[in-house]
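[1] Got a predicted structure here, sequence first:
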Amino acid sequence: MPKIAIIVLGIVIILIIRQLIPKKIDSFDLLGMPIMALIRTWIGLPDGFDTVVALEFICLLALGTAVGYFQARKTRVFRRERDNKLCSVGGYAYIVGWVIMLLGRVIILFGFHFAGLTAAFHEGNEQFINEIIRILSQAGDWLVWSAILASSIIYTATLYKKYPDIKGFVHQRIKQIIHDTNRRGDWR
């Protein structure tokens, strides 16, 4: 596993664990995660897809969309009493969403390769294991990132629509990014 993949996996695990306790809302959760997932998906995209990969991609986007919506609907957004900071807590439903995403990914992957796996299973244990390794090695991480992309965009969009404070936070953060970028002259 490349070093960058380990670092990114670590960040994702930290973000998941952080959903169990109330935390101050920051722009990484709402804007950074979708951007990071978009970049990882884009970098990994193959030059061409066959029909099976395209269908697998569509299934994973649907799965990510459903999980993102589920997680956002279960997330509680509130203002902390002591300092009036905007906070959220996803709770166990957020982790359940990630488990569903992982299991769904495995089911989709094996569902699209069922015939090959069945044939390899009947040929023997070694052939079966080799077929699983072949399938997993051909399934690029861009497919996983595409599901994370869909889930994080839908998560942000659902919170944005459901909570006026989130909408205000996102607008304020985007204005700040544009202002800072214009001040540094990065867009000229």
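    All right, it came through fine.
[2] how far does stretch 148-158 sit from the chain's center?
    Mean C-alpha position of stretch 148-158 versus that of the full chain (CA atoms, centre = their mean, to the nearest Å) differs by 7 Å.
[3] okay, that stretch in PDB with CA atoms only?
    In PDB, the C-alpha atoms belonging to stretch 148-158 read as follows (Å, rounded to 0.1, in the frame of the first residue of the first chain):
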ATOM      1  CA  ILE A 148     -16.800   8.400  -0.700                       C
ATOM      2  CA  LEU A 149     -17.100  11.400  -3.100                       C
ATOM      3  CA  ALA A 150     -20.900  10.700  -3.600                       C
ATOM      4  CA  SER A 151     -21.400  10.200   0.200                       C
ATOM      5  CA  SER A 152     -19.500  13.300   1.200                       C
ATOM      6  CA  ILE A 153     -21.200  15.600  -1.300                       C
ATOM      7  CA  ILE A 154     -24.700  14.300  -0.400                       C
ATOM      8  CA  TYR A 155     -23.800  14.600   3.400                       C
ATOM      9  CA  THR A 156     -22.800  18.200   3.000                       C
ATOM     10  CA  ALA A 157     -25.700  19.100   0.700                       C
ATOM     11  CA  THR A 158     -28.200  17.500   3.000                       C
END
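[4] ok, residues contacting it?
    Stretch 148-158 is touched from outside by 12, 30-31, 33-34, 37-38, 40-41, 60-65, 67-69, 71-73, 75, 97, 101, 170, with contacts defined as CB atoms under 8 Å, 6 or more residues apart in numbering. The C-beta positions use only the backbone N, C-alpha and C, and glycine is treated the same way.
[5] Among those, which lie within helices?
    Those of those mapping onto helices are 12, 33-34, 37-38, 40-41, 60-65, 67-69, 71-73, 97, 101, 170, per DSSP state H.
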